[in-house]
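Enquirer: Sharing a model that was predicted from the sequence below.
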Amino acid sequence: MTDLTLRCECGTLQGTVKNVSPKTGNHLVCYCDDCQGFANRLDAGGKWLDEWGGTELFQLAPAQVDIHQGADQLRCMRMTPKGVYRFYTACCHSPIANTISRKMPFAGIPTTAIHGDGKEAAFGPVKCYVMGKFAKGTPPTNPHPKFSASSLMAVMSFMLKNKIKGTNVPTPFFDDQGRAVAKPDQIER
Ligand SMILES: [Zn+2]
Ligand SMILES: [Zn+2]
């Protein structure tokens, strides 16, 4: 278990992601069009994506995330009206977290926002490559076109375990009423 630093590119937003280990979270790469759309809105040059349009994420529980400074920089985007709440920073347009709601013990943190010694060992190897049907070209990682059974199992067991532990809170991403801490941007497609 390792505590790592959560930080936007410019360093205005800083925090900690606690107890990171291959057992406490899921390490995956998502090629879906919404992850790509989000990343491209933040940086049209594709800085936040790998060359196949993938986003590397470490999924953990909101209670494992503390923001110590710059929380006022958090902004939110939903790619569809009912889509996940995707948080980023106003200061430097860094992606920070993908979340579902206050009740769901789930935060997918782009690994570009996580820093610190031992980061790779704390994440462990990537467990799954998902939504490959949206990938650009042919990634050598051979992603599943959607979600493999094992990737679904990994997320479901993670959710169940954390629901029992109640680690959906405290959360830096939703207020007590369950509203996102920043009003989601309206996306026009
Ligand atoms: Zn920043
Ligand atoms: Zn995605």
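Expert: Received it, and whenever you're ready, just let me know what you need. Ligands and ions are numbered 1, 2, ... in the order given.

Enquirer: Just to be sure, His27 is in a helix?
Expert: No. Counting by DSSP: H, G, I helix; E, B strand; the rest coil, one finds His27 to be strand, located in no helix.

Enquirer: confidence score at it?
Expert: On pLDDT, His27 comes in at 97.

Enquirer: Over to Gly53?
Expert: Residue-level pLDDT assigned to Gly53 equals 98.

Enquirer: Ok, the one 5 residues further on next?
Expert: Model confidence at Phe58, given as pLDDT, is 98.

Enquirer: Tell me how many other residues surround it.
Expert: Counted with other Cβ atoms under 10 Å, the burial measure for Phe58 works out to 26 neighbours. Heads up, the C-betas are built off the backbone N, CA and C, glycines and all.

Enquirer: residues making contact with the lowest-mean-pLDDT helix or strand in the chain?
Expert: When the helices and strands of the chain are scored by mean pLDDT, DSSP states H and E, strand 184-185 comes last with a mean of 93. With contact meaning Cβ atoms under 8 Å, 6 or more residues apart in numbering, strand 184-185 is reached by 75-78, 85.

Enquirer: ok, now with 10 Å
Expert: 41, 75-79, 81, 83, 85-88 (Cβ atoms under 10 Å, 6 or more residues apart in numbering).

Enquirer: Now, of those, which are buried?
Expert: Buried members of the contacts of strand 184-185, counted by 16 or more other Cβ atoms under 10 Å: 41, 75-79, 83, 85-88.

Enquirer: and the contacts of strand 184-185, which of them are in strands?
Expert: 75-77, 85-88 (DSSP state E).

Enquirer: residues in contact with Asp50?
Expert: Neighbour list for Asp50: 29, 31, 56, 135-136, 139, 141 [criterion: Cβ under 10 Å, 6+ apart].

Enquirer: how about those, which pair is most distant?
Expert: Glu56 and Lys136 (15.1 Å; Cβ to Cβ).

Enquirer: ok, the two, which is more surrounded?
Expert: Relative neighbour count places Glu56 above the other of Glu56 and Lys136, with 19 against 14, counting by other Cβ under 10 Å.

Enquirer: so that one sits in a strand?
Expert: Yes. Judged by three-state DSSP, Glu56 forms part of a strand.

Enquirer: and this structure, which residues reach ligand 1?
Expert: Residues of the chain found near ligand 1 (Cβ under 5 Å from the ion) are 8, 10, 12, 89, 91-92.

Enquirer: who's in contact with the lengthiest helix in the chain?
Expert: Across the chain, the helix with the greatest residue count (assigned by DSSP state H) is helix 149-165. Helix 149-165 has contacts (Cβ under 10 Å, 6+ apart) with 23-28, 30, 59-64, 100, 103-106, 108, 127-131, 143-144, 146-148, 167-168.
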